[in-house]
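1. The sequence and its predicted three-dimensional model are supplied below.
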Amino acid sequence: TATPDMRGKLGLPSDALVVLNVFHLGSAFSRKNPLAAVAAFRTAFGERSDRVLAIKLIDNGAHWARRQLDAAIASAGNIRLIEGMLPEADMAGLMAAADIVISLHRSEGFGLVPAQAMALGKPVIATAWSGNIDFMNERNSALVSYSLVPVHDPEGAFQTDNQKWAEANVEEAAQWLRRLAG
C-alpha cells in the first residue's frame, strides 16, 4: 500500500505539477542519464514555481557524479532532491504523488520505474531505446527519439570497444513535458 500525502511529507507543493526522475548513483550515473532529465525539465519550464522536478536519488558515494548533478541543478528553485532509501510504501506514495515520470536513460535493462509508473496510470516520458521498449510503445508512452553514440562511461561498467548507447533528444523530451503539462 502507498503512503498517503507524500507531497506533504517531502515538502513538495500540493498545487504544482510534479515530474519525477528516479535513479541510484550506483546504477551507473552515465547510463541513467539524469542530466538529460534536468536539461529537458529546465528547457520546458525554466524557473516556473508551479512546475517541480523531484529527483529521487540514492547516493552510494559516486562523488564525481553527485558534483555533476549538483552543478546541473544549481540555482534551480523548482528542482528538489529526495535522497536516501524510502520504505516501499513511501516510494509507492511518491510515485502516486507524481504527475509525470521521466527516464531519459542511455540504456535500460527492464525499466522498473517506468513500468511501475505506468501501472499507476502515470504518463511516462522515456528514451525509445533498450529494455523498456518491451512494454512501452507510441500508444502507451511518450517515447523520445535518440541518436546512437559511442559509450562513454567514466565508471567503466559499460565501456567496451565499439559499444553504443542512446543519447535522448532533450528538446523532444521538453516538448513532451510541455504537452503533458497542458
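-> Great, that's in hand.
2. Can you show me the strands along the chain?
-> Per DSSP state E, the chain carries strands over the ranges 17-24, 51-58, 79-83, 100-103, 124-127, 142-144, 146-150, 164-168.
3. Just want the most central residue of the chain.
-> Most central in the chain under CA atoms, centre = their mean is N21, positioned 2.7 Å from the mean C-alpha point.
4. surely that one meets S103?
-> Yes: N21 lies in contact with S103 (CB atoms under 8 Å); the separation is 7.0 Å. All C-beta spots, glycine's among them, are computed from the backbone N, C-alpha and C.
5. my read: L86 touches A97, true?
-> No: using CB under 8 Å, L86 is not in contact with A97, being 11.9 Å away.
6. Neighbour count: the two, which is higher?
-> A97 (22 against 18; other CB atoms under 10 Å).
7. so what pLDDT did the more buried one get?
-> On the pLDDT scale, A97 is placed at 98.
8. For it, which residues are in contact?
-> A97 makes contact with 5-7, 12, 18, according to CB atoms under 8 Å, 6 or more residues apart in numbering.
9. Contact partners for the residue nearest to the centre of the chain?
-> 34, 37-38, 53-56, 101-103.
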